[in-house]
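Asks: Give me a 3D structure for the following:
(chains A and B)
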Amino acid sequence: MAENTEEKRSLNFIERIIEDDLASGKHDHIVTRFPPEPNGYLHIGHAKSICLNFGTAEKYGGRCHLRFDDTNPEKEEMEYIESIQKDVRWLGFDWSSHLYFASDYFQQLYEIALLLIRKGKAYVDSLTPEQIREYRGTLTEPGRPSPDRDRPVEENLELFERMKQGEFPDGTYVLRAKIDMASPNLNMRDPALYRIKHASHPRTGDAWCIYPMYDYTHPLSDAFEGITHSLCTLEFEDHRPLYDWATAESEYPHQPRQIEFARLNLTYTVMSKRILLTLVRDGYVESWDDPRMPTISGIRRRGYPPEAIRAFSERIGVAKSNSTVDFALLEHCVREELNKRANRVMAVLDPLKVIITNYPEDQVEHVEAVNNPEDPDGGTRMIPFSRELYIEREDFMEDPPKKFFRLSPGREIRLKHAYYITCNEAIKDESGKITALLCTYDPDSRGGWTEDGRKVKGTSHWVSAPHAWETDVIIYDKLFTQEIPGEHTGSIFDDLNDQSKQVLKGCMLEPSLQEAEPGRYLQFLRKGYFFSDPKLSGPGCPVFIRTATLKDPWSKKMKQQKS
RNA sequence: UGGCCGAUAGUGUAAUGGUAGCACAGCAGAUUCUGGUUCUGUUUGUGAGGGUUCAAAUCCUUCUCGGCCAGCCA
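Replies: Predicted coordinates for the structure are as follows:
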C-alpha cells in the first residue's frame, strides 16, 4: 500500500528479535508486559519501560499487560497500585482488560512448587540466612551443598505444607531450587523460591504466610499470561538462566523469552528509589509529586505533556549499553510539543511601570492578540491597553551594551500586538532605582506595525497596569547543579541546587489568566512555558509554575560574558 | 586474578562485509510583531594492537576500559 512512501526506519534490537520471531512463525502475535512492584512512585525511567513495552506491542498489533509484581507484602501498598495505574494511563497507554497481579497466581505458583519438590528440583532448607550466605560461596569460589539438600521428597512436602500452615516463624525455613551450588552464576546456586513472611498482603490479606520470590514468580507469571517477549533491565541478565530454568521445570507449555535493555539515566537527575525517598522524607522537596521530582507525577505537575515523554522515549532509543541521556533532549521534546499546543499569553514577571505620556488619561482600548501562531485554528483574544502599563524590568537598560535591542532612552520598541513606544525618560527614586519609564507612543502603529514599514527590532510583552492581575508565579529549575549528581562531591546532597524553586512575588499577568483552568499548558510570551498546577490552583486563582524556559541565546550570551 | 554484558562525534542512537548517518547539544547565518518557531550551513566519531578479506564499525584474536552479580528485595 503506502509502503513506498513510508521511510524505512531502522529497528532496535528488540524489534529485530520480534520481527524474526514473527517471520519464522515462532509467534503469530506478541504479548509484552509492564511489571512494576507497587512499592513506590514511578519515575521517568519507568516511563521508558512503559513506552517500550506498550509501544512495541502496539507497533506489532499485540497487547501489553499491566502486572503488579506484588510478592513482598512488607514493602507494597495499595496507594502505589493506584498511582501506578494513574501514571500509565496518563502516559496514554491502555491495558484494557489485561490488569494482573502476581498475587493472583499464588495458588498456581504453590502447586508448581509442589511439582518441583516431587521432581526433586526443590527442597526445604533450615539454614539461617547467614548460613545460606556462607554456603553460597563467593564470586570466585564455589558454594557448598546445604545439609538439607538431599532431604527426602516426602519430608520436603510435609515441611513445605507446615510452612504454608504457619507453623514456623519467619526465617526458619525456606524453599530452595536444587540447581547447582558450583555454578559460576550465583543466581543458580540453589536460589530461594519461597520464604516465610507472617505479613498481611495488600490484596490477599492473611491468606498466605509464605510468599514466592521474584525469580520464581516472574517467569511463571509471564508464562501464565502468554507473554512472548519479557523486557527487563540489564541487571536481570544474570537471572535469565534461572528464568529459563523456572519456565522449563514448571512444564508450563508456554515459554516466554526474557530480553534485557539498558535502563534510563538522565543528566542532572537521580533515578534511585532510595534517594528519591530521602529527598521527600528529609524535605529537600515537598512531596513525591513535587514538580522538581523525576517521578511521573512530578513531571505531570511540572507541565510536561505525556506526548513529550513518549517522543522522548522514542528518540532515546533502546540498546544494551549503559548510557546517560542529556537532560536537554527531554527539554527539547517538551518544548517541541508545547510549541505546537500552548497558547501565548502575556505575563510580566518583574514589572517596571511605563507611562505613555501622550496617551489619553482615561482611555482604554482593546487590541487583538493571536493565541498561537503555530495553530491556525487557535483564534484570537482581546487585551486591554491603557496609559499605564508594565513591561519586564530587564527589557529596559539605561546604558545598553551592543546588540541590545530592547528599550533604552531615545529608542523605539514594539509592544506586542499594540503600539510602538519610544522611551524619553527614566524616573528614579532616591536610591537611584528606576521606578518608571516615561514614553510616547505612535498612534499610527496600532496593531504593532506602521505604513512606513520602519524597522523596529525589539518587541516586548506588556500588561495594562489597571487591568493586571497581580499574583505569585513559581519558577522551578533543575534540582541538581551537576550533570552527574555526587560525581565529584561524593554526595548527591552536596550538589542540590538551592535555587531550584523560587516564588516570584507581584507578577503582573494579563487579566484573562485569572480564569485559566487547572492543567493548562501556556507560553508566557518570551518567558517560557508555564502550567497552571492542578494541585495548587483553586477556582479563580490558578497558580502558575514554570515548566521550561524558552531557548534564549541572548540571556545565555549575557551570562557567558559575565563569567 | 569467577561469570555475564557492553564500548560508534560532547550526549543518545543507526549502519549487520561495500560512501559512517540521524537527533540533541555547540557554532555561523537567514527569516520573524516572541532574541521563540522555522530554514540553511557547519565543527566533532568507530577504545587499542594484531589477523582474515579486493573491502572491516561489522568477522577472528589479544588487550584496555566500563557495568552487573555473593537479599529469605524486585
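Asks: show me the contacts for A:N371.
Replies: Applying Cβ atoms under 8 Å, 6 or more residues apart in numbering, we find A:N371 in contact with A:N343, A:R344, A:G378, A:G379, A:T380, A:R381. To be clear about C-beta, it is placed using only N, CA and C from the backbone, and glycine gets the same treatment.
Asks: Pretty sure the fifth one sits against A:E368.
Replies: Yes. Under the criterion of Cβ atoms under 8 Å, A:T380 makes contact with A:E368 at 5.0 Å.
Asks: would you say A:F531 is within a strand?
Replies: Yes. Secondary structure assignment places A:F531 in a strand (DSSP: H, G, I helix; E, B strand; the rest coil).
Asks: if we can go back for a sec, now the contacts of A:N371 in TSV, with neighbour count and distance to A:M397?
Replies: Shown next, in TSV, are the contacts of A:N371 (neighbours: other Cβ atoms under 10 Å; distance: Cβ to Cβ, whole Å):
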residue	neighbour count	distance to A:M397
A:N343	19	30
A:R344	20	25
A:G378	15	33
A:G379	11	35
A:T380	12	32
A:R381	16	31
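Asks: For A:K26, what is the enclosing helix or strand?
Replies: A:K26 is part of no helix or strand when elements are defined by DSSP states H and E.
Asks: any idea how far the residue of chain A found nearest RNA strand B lies from A:L127?
Replies: The nearest approach of chain A to RNA strand B comes at A:G448, 2.2 Å away (Cβ to the nearest atom of the strand). Between A:G448 and A:L127 the computed distance is 81 Å (Cβ to Cβ, to the nearest Å).
Asks: Surely A:S408 and A:T422 touch.
Replies: No. Using Cβ under 8 Å, A:S408 is not in contact with A:T422, being 10.3 Å away.
Asks: Am I right that A:F13 is in contact with A:A319?
Replies: Yes. Counting by Cβ under 8 Å, A:A319 is a contact partner of A:F13 at 6.8 Å.
Asks: re earlier: what's the helix or strand for the residue of chain A closest to RNA strand B?
Replies: Using DSSP H and E, A:G448 falls within no helix or strand.
Asks: wait, doesn't it sit right on A:R414?
Replies: Yes. Shown here, A:G448 and A:R414 form a contact pair, counting by Cβ under 8 Å, at 5.2 Å.
Asks: Give the residues shared as contacts by these two.
Replies: Here A:G448 and A:R414 have A:Y420, A:T459 as joint contacts, going by Cβ under 8 Å, 6+ apart.
Asks: So between those two, which is more surrounded?
Replies: A:R414 (19 against 16; other Cβ atoms under 10 Å).
Asks: partners of that one in the sheet?
Replies: Per DSSP bridges, the residues bridged to A:R414 are A:Y420, A:T459.
Asks: So which bits of the stretch 301-450 of chain A are right by RNA strand B?
Replies: By the rule Cβ under 7 Å from any atom of the strand, the part of the stretch 301-450 of chain A lying against RNA strand B is A:315-326, A:328-329, A:332, A:335-336, A:339, A:344, A:372-374, A:403-406, A:414, A:416-417, A:447-449.
Asks: which of those are buried?
Replies: The neighbour-count test (16 or more other Cβ atoms under 10 Å) applied to those identifies A:316, A:318, A:325, A:332, A:335, A:344, A:372, A:404, A:406, A:414, A:416-417, A:448 as buried.
Asks: Go through those residues and flag which are in helices.
Replies: Among those, the residues falling in helices (DSSP state H) are A:I316, A:H332, A:R335.
Asks: I'd assumed A:T547 was in contact with the last one.
Replies: No. Counting by Cβ under 8 Å, A:R335 does not reach A:T547; the two are 9.1 Å apart.
Asks: how deep is A:Y214 tucked in, by neighbour count?
Replies: Per other Cβ under 10 Å, the neighbour tally for A:Y214 reads 16.
Asks: Please report phi then psi for it.
Replies: In terms of degrees, to the nearest 10, the main-chain angles of A:Y214 are phi -50, psi -50.
Asks: Please apply the same query to A:N156.
Replies: Reported as degrees, to the nearest 10, the phi and psi values for A:N156 are phi -60, psi -50.
Asks: what does A:T489 give?
Replies: Torsion angles at A:T489 (phi, psi; degrees, to the nearest 10) stand at phi -80, psi -20.
Asks: That one and A:L276: what is the separation?
Replies: Taken as Cβ to Cβ, the span from A:T489 to A:L276 is 19 Å.
Asks: Comparing these two, which shows the higher neighbour count?
Replies: Set A:T489 next to A:L276 and count neighbours by other Cβ under 10 Å: A:L276 wins out with 22 against 12.
Asks: wait, what's in contact with the more buried one?
Replies: Contacts of A:L276 (Cβ under 8 Å, 6+ apart): A:G40, A:Y41, A:H43, A:V270, A:W288, A:M293, A:P294, A:T295.
Asks: tell me which of these is nearest to A:I18?
Replies: A:I18 has its nearest neighbour among the contacts of A:L276 in A:H43, at 26.3 Å by Cβ to Cβ.
Asks: Tell me the bridge partners for the closest one.
Replies: Counting by DSSP bridges, A:H43 is bridged to A:T295.
Asks: quick one: which of the ones in helices among the buried ones among the residues of the stretch 301-450 of chain A next to RNA strand B is nearest to A:R454?
Replies: Distance to A:R454 across those (Cβ to Cβ) is lowest for A:R335, with 32.2 Å.
Asks: Dig out what the closest residue to the closest one other than its chain neighbours forms beta bridges with.
Replies: Residue nearest to A:R335 in three dimensions, not counting chain neighbours: A:A548, with 6.0 Å by Cβ to Cβ, 6 or more residues apart in numbering. When bridges are called by DSSP bridges, A:A548 pairs up with A:Y529.
Asks: Would you check that my belief about A:A548 contacting A:F530 is correct?
Replies: No. When contacts are counted by Cβ under 8 Å, A:A548 is not listed as touching A:F530 (9.1 Å).
Asks: Compare those two and say which one has the larger neighbour count.
Replies: Neighbours per residue (other Cβ under 10 Å) separate A:A548 from A:F530, with A:F530 holding more: 29 against 22.
Asks: If I look at the more buried one, what pLDDT would I see?
Replies: At A:F530, the predicted lDDT confidence score is 98.
Asks: Return the residues in contact with it.
Replies: By Cβ under 8 Å, 6+ apart, the contact set of A:F530 is A:G303, A:A347, A:V473, A:L522, A:Q523, A:F524, A:F544, A:I545, A:R546, A:T547.
Asks: How many residues are close by the fifth one?
Replies: Other residues near A:Q523 number 23, with proximity taken as other Cβ under 10 Å.
Asks: Let me see the mean pLDDT of the helix or strand where it lies.
Replies: A:Q523 belongs to strand A:521-524 when assigned by DSSP H and E. Per-residue pLDDT over strand A:521-524 has a mean of 98.
Asks: Give me the residues contacting that strand.
Replies: Residues outside strand A:521-524 that contact it (Cβ under 8 Å, 6+ apart) are A:303, A:305, A:338-339, A:341-347, A:349, A:461, A:513, A:516, A:529-532, A:544, A:547, A:550.
Asks: Now do the strands in the stretch 401-550 of chain A.
Replies: Using DSSP state E, counting those that start in this stretch, the strands of the stretch 401-550 of chain A run over A:412-415, A:420-428, A:434-442, A:459-460, A:462-464, A:469-476, A:501-509, A:521-524, A:528-532, A:544-548.
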